[in-house]
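Undergrad: mind folding the following:
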Amino acid sequence: MWRGKVVLVTGAASGVGRGVVLAAAAAGASVALAVRRPATAAAVVDEVAALHGGGETRVVPCDLMQPEAAAAAVAATIAQLGRLDAIVHSATSNASSQPIALEDADLDGWAEHRTIAVDATVELARAAHAALKATRGSLLLMTSPAGIAGNDRLPFYAMAKGAQRGLVKALAREWGPDGIRVNALAPLAMSPAMESAFAAEPRLEEAVVGSISLGYFGDAERDVAPAALFLCSDDARYVTGQTLVVNGGRFTSL
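TA: Numbers count the residues shown, from 1 in each chain. Purely as a prediction, here's the structure:
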């Protein structure tokens, strides 16, 4: 299903982004890894190379805090791999796991969340529209349960992720006639951001695991990436404007 197709993944060097890269490549897709620092993607490229039948990879420099970086990543992907069938926007602010009360936060913190989660999404979408229309492709945003139910002491993160869900619904309506599907996925999986959160608050891990019905944190490659590939594939050709929650049954967060 994925052989001959091209997927662009932001935040591809670690966490959920890395998981999507590995799963997409294993399925036969060629993958562009959009990362702030290209050297950080070297290990993922090596992992793809070790896969049996894995697709091609390209590392695309993409600092989403810089204007036009997202558009440049789309252009580079098409130039190097010839087409674009899906974008998975997984990059997030480095501050996404740093708890802070709203009264102690300043707008500089909001600017980083907004730039990566909202502004970069708009830029990616604008730059990719024609290519995705040509392939009847898909745009998938990695949002968060925080964008559905909020999150204590993560007000900017929750607000940015909520904004993504609103854009998903709007673009699904706007792009439906072009054959482009737009969805979101709200995962719960171990990631560098999650590890940082647990390091900052050691009791948090026990509390969160205790609220997950299946009793464990999801694995980005095995638990989250298959759902992402489904939403981007022809198997989900009649699914658009939706947010799929993949969190092991942590219903207390929704």
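
Undergrad: what is the helix or strand of the chain with the lowest mean pLDDT packed up against?
TA: For the chain, scoring each helix and strand by mean pLDDT, DSSP states H and E identifies helix 192-200 as the least confident one, at a mean of 74. Using 3 or more CB pairs under 8 Å, 6 or more residues apart in numbering; DSSP states H and E as the contact definition, the elements that helix 192-200 packs against are helix 202-210. For glycine as for every other residue, the C-beta is placed from the backbone atoms N, C-alpha and C.

Undergrad: run through who's touching the helix it packs on.
TA: With CB atoms under 8 Å, 6 or more residues apart in numbering as the test, helix 202-210 has contacts from 197-198, 215-217, 250.

Undergrad: check these and tell me the two furthest apart.
TA: Based on CB to CB, the longest span within the contacts of helix 202-210 runs between Ala197 and Gly215 and measures 19.1 Å.

Undergrad: could you tell me the end-to-end distance of stretch 204-221?
TA: Distance between the two ends of stretch 204-221: 23 Å, counting by CA to CA, to the nearest Å.

Undergrad: list the buried residues in it.
TA: Of the residues in stretch 204-221, those scored as buried under the neighbour-count criterion (16 or more other CB atoms under 10 Å) are 205, 208, 212, 217-218, 220-221.

Undergrad: ok, now stretch 47-58?
TA: Applying 16+ other CB under 10 Å to stretch 47-58 flags 47-48, 54-55, 57-58 as buried.

Undergrad: just the ones of those residues in strands?
TA: 57-58 (DSSP state E).

Undergrad: which one in the buried residues of stretch 47-58 is the model shakiest on?
TA: Looking at the buried residues of stretch 47-58 by pLDDT, the weakest one is Gly54, with 68.

Undergrad: contacts only, for the residue lying closest to Gln242 once chain neighbours are set aside.
TA: Computed as CB to CB, 6 or more residues apart in numbering, the closest residue to Gln242 that is not its neighbour in sequence is Asn183, at 5.2 Å. When contacts are counted by CB under 8 Å, 6+ apart, Asn183 is found next to 138-141, 168, 172, 231, 236, 239-244.

Undergrad: mind putting those in CSV, secondary structure and pLDDT included?
TA: Supplementary listing: the contacts of Asn183 in CSV, determined by DSSP: H, G, I helix; E, B strand; the rest coil; pLDDT from 0 to 100:
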residue, secondary structure, pLDDT
Ser138, strand, 98
Leu139, strand, 98
Leu140, strand, 98
Leu141, strand, 98
Val168, helix, 98
Ala172, helix, 98
Leu231, helix, 98
Ala236, helix, 98
Val239, coil, 98
Thr240, coil, 98
Gly241, coil, 98
Gln242, coil, 97
Thr243, strand, 96
Leu244, strand, 96
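
Undergrad: of those residues, grab the buried ones for PyMOL.
TA: Applying 16+ other CB under 10 Å to the contacts of Asn183, the buried members can be selected in PyMOL as follows:
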select buried, resi 138+139+140+141+168+172+231+236+240+241+242+243+244
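
Undergrad: quick check, nearest of the contacts of Asn183 to Gly11?
TA: Proximity of those to Gly11, judged by CB to CB, is greatest for Leu141, which lies at 11.4 Å.

Undergrad: residue ranges of the strands in this structure, please?
TA: With DSSP E applied, the chain shows strands at 6-10, 30-35, 57-61, 86-89, 138-142, 181-187, 243-246, listed in chain order.

Undergrad: can you put these in JSON lines and add distance to Asp152?
TA: Conversion of those to JSON lines gives the following (distance: least, CB to CB, whole Å):
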{"stretch": "strand 6-10", "distance to Asp152": "27"}
{"stretch": "strand 30-35", "distance to Asp152": "30"}
{"stretch": "strand 57-61", "distance to Asp152": "36"}
{"stretch": "strand 86-89", "distance to Asp152": "25"}
{"stretch": "strand 138-142", "distance to Asp152": "21"}
{"stretch": "strand 181-187", "distance to Asp152": "17"}
{"stretch": "strand 243-246", "distance to Asp152": "19"}
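
Undergrad: many thanks, have a good one.
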